[in-house]
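K.L.:
Sequence below, structure please.
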Amino acid sequence: MNIGDALFPRLLGESAWRQLPGSVRRMHGADACVLARGIANVEGEHNFALRTLRRMLGLPPPATGQTLEVRIERRGSREVWTRRFASGRMQSTLRHDAAATHLLERLGPVILRFKLCPDAQGVTWHLDGASMLGLPLPRRWLGTVLSHSGERDGRYAFTVDTRLPWLGRLVAYRGWLEIVSDD
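P.N.:
Numbering: from 1, shown residues only. Below is the predicted model of the structure:
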């Protein structure tokens, strides 16, 4: 695949793409398949509502020092991300919207809409909206999602923290990955 046709380079633009750290470009580039392994710490509130929502969305349960394997399979401008945490499996599909201005991530019945903002260390993902089963969700229901992918000590590093109003922290995970295979 041509790098300009790949999802992240297309959304970020060529100039911003070239400025990203090497591990971020390798992880989010145009290779048909990427396999990476590392470690993640996963946190989340333990109340019934959040545990149920994590299961419904395929999010990992809380645990520290989990081994993590991430496989990214690219099919045109779509990417299927399969994350295998020590305590669970999470899969999502990423693509761009019709205008190619936002990243759309499908997690189970939910589609999250992100604006990607490059910075000196990587990419910050700003949540702009979401829908469930095709119906838009009110912004106030979405709470906050803090997400960044970058580089630390030469490795791909990530931080995601999702908090919902009235319920608390749905999931937060952070860690690192090293690419072990890409084609």
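
K.L.:
Residue 22 and residue 155 touch, don't they?
P.N.:
No - using CB atoms under 8 Å as the test, residue 22 is too far from residue 155 to be in contact (10.4 Å). Heads up, the C-betas are built off the backbone N, CA and C, glycines and all.

K.L.:
quick one, which of the two is more surrounded?
P.N.:
residue 155 (17 against 10; other CB atoms under 10 Å).

K.L.:
and the more buried one, what does it touch?
P.N.:
23, 38, 176, 177, 178 (CB atoms under 8 Å, 6 or more residues apart in numbering).

K.L.:
Serialize the residues you listed to JSON lines and add fields for pLDDT.
P.N.:
Below are the contacts of residue 155 laid out as JSON lines (pLDDT from 0 to 100):
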{"residue": "23", "pLDDT": "95"}
{"residue": "38", "pLDDT": "97"}
{"residue": "176", "pLDDT": "98"}
{"residue": "177", "pLDDT": "97"}
{"residue": "178", "pLDDT": "96"}
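
K.L.:
okay, among the residues you listed, which ones form the most distant pair?
P.N.:
23 and 38 (11.0 Å; CB to CB).

K.L.:
Now do the shared contacts for these two.
P.N.:
Counting by CB under 8 Å, 6+ apart, the common neighbours of residue 23 and residue 38 are 155, 156.

K.L.:
Looking at the two now, which is surrounded by more residues?
P.N.:
Set residue 23 next to residue 38 and count neighbours by other CB under 10 Å: residue 23 wins out with 23 against 19.

K.L.:
right, and that one touches residue 151 too?
P.N.:
Yes - contact criterion CB under 8 Å: residue 23 and residue 151 qualify, at 4.7 Å.

K.L.:
Counting by contacts, list what the one helix or strand residue 90 maps to packs against.
P.N.:
Using DSSP states H and E, residue 90 sits in strand 88-96. Packed against strand 88-96 by the contact rule (3 or more CB pairs under 8 Å, 6 or more residues apart in numbering; DSSP states H and E) you find helix 7-12, strand 78-85, strand 103-107.
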